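Undergrad: model this:
(chains A and B)
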Amino acid sequence: MRRRMYAFLMGLHPRGFRERFSGEMLSIFDESPGKIALLADACVSVLRQQALRPGDPAGPPAGPAPDGVPVFYLVDDSLPRKPVLLQGALLSLGVFAGVVFAVNSAGPVRELLIGTRQPLPRAVAVDRNSIIPADPTTKVNVAEPKADPWREFAETYFRIMPVLRALDTDHDYLISRAEIAGAPAALRSLDVDHDGKLSPLECGLFVGQRTEAIGPTELKAMGAGFMYSQPVLSALDADGNGEISAAEMARASASLLTLDVSHDGVLAPAEIAPIDVARRILGR
Amino acid sequence: MREDPQRFLPLSTATLHIVLALAGEDRHGYGIMQEVARQSGAKYKLGPGTLYDNLQKLIEQGIIEERGQKADDDDPRRRYYRLSGLGRGVLTAEIARLEGMIRDARFHLRASKPRRA
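TA: Down below sits the predicted model:
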């Protein structure tokens, strides 16, 4: 077996060397102990002869045919030598190994090479195998619209404030030009005791079941505070006496327009909100 | 035109051992390997690949000549090699070069030897 391997290695040598020395080398193999060392020596010899030593000379150039016309011409008078081919093969293998290493290694080089194993996040998302049957229904999650804090405030504020409920006849939480113009009539509709003016209780002051227990002085103070703290009521109660008189109701449209800081003729929730609520919503 | 032996100097270790092995008598390849092992006290072992690579080069340079078979009862695959006239000149020149080196080495070693106080 070892001798066959040695003979095979002899066959891999260039023809000139093989024909001249392979018989002698085989005779040495037959006589010497240490066959493994001789096999290793033959492997090195093959590489040395093929890579470093000049190859066999090319055959004779194509001569003229019998009729004097050459069959074909060679641009070069020699074929590529085996050592050159072997060196080229080794060089190609090295370059190929380098490219494979660069493709498989992490780093910016990978993004520049075609055939990277892992797709880039910004490229087409590959998160499932297309071969596996999957539900074609695509679920698209759309983010819910961000809640408008002024809208949320207005829905509650208009509900607890009878004056605003009466003014906002179309219930859009905006006091429009027309609604401002109709403010006197709307306010008069709140005068349930028909005394010609609106008290804090008629304007929305809530004292619960304590109404009977609260004295007139205390009730008047609470009413004044309530009327003062609500911008709409404060604007309507021009004289600041804690109630909206008939004259003040008649001038209600002009009074309400003093709150229109945006000068668009419409009162938005932000323009009629108490100062503490506005600060909370605006985050100041 | 005679070749100048100096052109081939210095000889490599393998070449020097092969030329030395053939200086005494003609030998075949295996004989050269055994002689090289004997000369070096088995410290330098020459494989057939290295041996015949060097033999090919030395034959092309004319330092060694091939003699063919020596005896009828010998292994017909064996070929014998001998040192040519040029080879003897090259070996002589190499020995002279080595002697000069040894002289220089001895001189420097003597010069750098620490003296006793």
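
Undergrad: pretty sure residue A:281 contacts residue A:147?
TA: No: here residue A:281 lies out of contact with residue A:147, judged by Cβ atoms under 8 Å, at a distance of 11.4 Å. No exception for glycine: its C-beta is placed from N, CA and C like everyone else's.

Undergrad: chain B contacts on the stretch 51-200 of chain A?
TA: Residues of the stretch 51-200 of chain A lying close to chain B by Cβ under 8 Å from any Cβ of the partner chain are residue A:53.

Undergrad: can you name the residue of the stretch 51-200 of chain A nearest chain B?
TA: The stretch 51-200 of chain A approaches chain B most closely through residue A:53 (7.5 Å), counting by Cβ to the nearest Cβ.

Undergrad: can you tell me how far that residue is from residue A:272?
TA: Distance, residue A:53 to residue A:272, by Cβ to Cβ, to the nearest Å: 102 Å.

Undergrad: out of those two, which sits in the busier spot?
TA: Higher neighbour count among residue A:53 and residue A:272: residue A:272, with 28 against 17, using other Cβ atoms under 10 Å in any protein chain shown.

Undergrad: local confidence estimate at the more buried one?
TA: Per-residue confidence (pLDDT) for residue A:272: 86.

Undergrad: which residues touch it?
TA: A:157, A:164, A:175, A:231-232, A:259 (Cβ atoms under 8 Å, 6 or more residues apart in numbering or on different chains).

Undergrad: and the lowest-mean-pLDDT helix or strand in chain B, what's buried?
TA: The weakest-scoring helix or strand in chain B, judged by mean pLDDT, DSSP states H and E, is strand B:64-68 (a mean of 85). Residues of strand B:64-68 classed as buried: B:64-65 (neighbour count, 16 or more other Cβ atoms under 10 Å in any protein chain shown).

Undergrad: so what touches the next helix-or-strand element following that strand?
TA: Following strand B:64-68 in sequence order, the next helix or strand is strand B:80-83 (DSSP states H and E). Residues from elsewhere that reach strand B:80-83 (Cβ under 8 Å, 6+ apart): B:19, B:22-23, B:26-29, B:32, B:55, B:59, B:63-70, B:91.

Undergrad: for chain A, which helix is longest?
TA: helix A:82-104 (DSSP state H).

Undergrad: check the offset of that one from the chain's centre.
TA: Centroid separation between helix A:82-104 and its chain, computed with Cα atoms, centre = their mean, to the nearest Å, is 40 Å.

Undergrad: show me what that helix is packed against.
TA: helix A:35-51, helix A:108-112 (3 or more Cβ pairs under 8 Å, 6 or more residues apart in numbering or on different chains; DSSP states H and E).

Undergrad: right, I'll leave it there.
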